[in-house]
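>>> okay, predicted coordinates and the sequence, questions at the end:
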Amino acid sequence: MKKSSDLERRAAELLEKYGHEKPPVDVVRLCQQLNIELAVEELEDEISGILMVQEQPVIAVNRSHSRARQRFTIAHEIGHFVLHRTLKDAVFVDRAALQFRNQVSSKGLDPNEVAANHFAAALLMPQRMLEADLRSIDESITAVHVIRLAKKYGVSEQAMNIRLARLDFVSYI
């Protein structure tokens, strides 16, 4: 599995390379910049998204999921594209690559899935952007701050809470 610092660095480099300097990160534009076709489709409810790595990479995202969930799914699939591009003609569905689906992957323990989730969080909620936003908060970070940050970054409150905790900015609120 990729080291956390490597995933953070790869996400930051991607944002810098393509000029994404403030939240919310425009994942649709990022797909265009990476030459990934993006389709919003009717998918089975338990499927968040699909990445097909082929001559023309395609990400399909579930139309019925919330905007925040769609954004995280797109970022997650971009993570697969960036991190696992060597898996030629691979198809990643939901949270597991088809060729890797098993008991381990369904529990979120598949190293490719863990890496893609971490990459997605680093892409949507970059540490340097969060640090800049948190500098303006004089008191302890509260649930209200988490709600405001989640809205600003276009992510769910749960995703923001997890990200802040993983960066040691807060304990879980």
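That came in fine, so what should we check first?

>>> could you chop the chain up by domain?
4-124, 126-173 (automatic domain parsing).

>>> which helix runs longest in this protein?
helix 67-83 (DSSP state H).

>>> let me know the average pLDDT across it.
Here helix 67-83 scores 95 as its mean pLDDT.

>>> start the count at 165 instead of 1 going forward.
Sure, I'll start counting at 165 from here, so that last one is helix 231-247.

>>> after it, next one along is what?
With elements assigned by DSSP states H and E, the helix or strand that comes after helix 231-247 is strand 255-257.

>>> ok, that following strand: who's next to it in the sheet?
strand 213-216 (antiparallel), strand 260-261 (antiparallel) (DSSP bridges).

>>> lowest average pLDDT across those strands?
Lowest mean pLDDT of the strands paired with strand 255-257: strand 260-261, a mean of 32.

>>> counting neighbours, what do you get for Val204?
16 (other Cβ atoms under 10 Å). Yep, even glycine has a C-beta here, placed from its N, CA and C like the rest.

>>> which ones are touching it?
Counting by Cβ atoms under 8 Å, 6 or more residues apart in numbering, Val204 touches 224-225, 227, 234.

>>> does the residue nearest the centre of the chain belong to a helix or a strand, and which?
Central residue of the chain (Cα atoms, centre = their mean): Ala284, 2.0 Å from the mean position. According to DSSP H and E, Ala284 maps onto helix 275-288.
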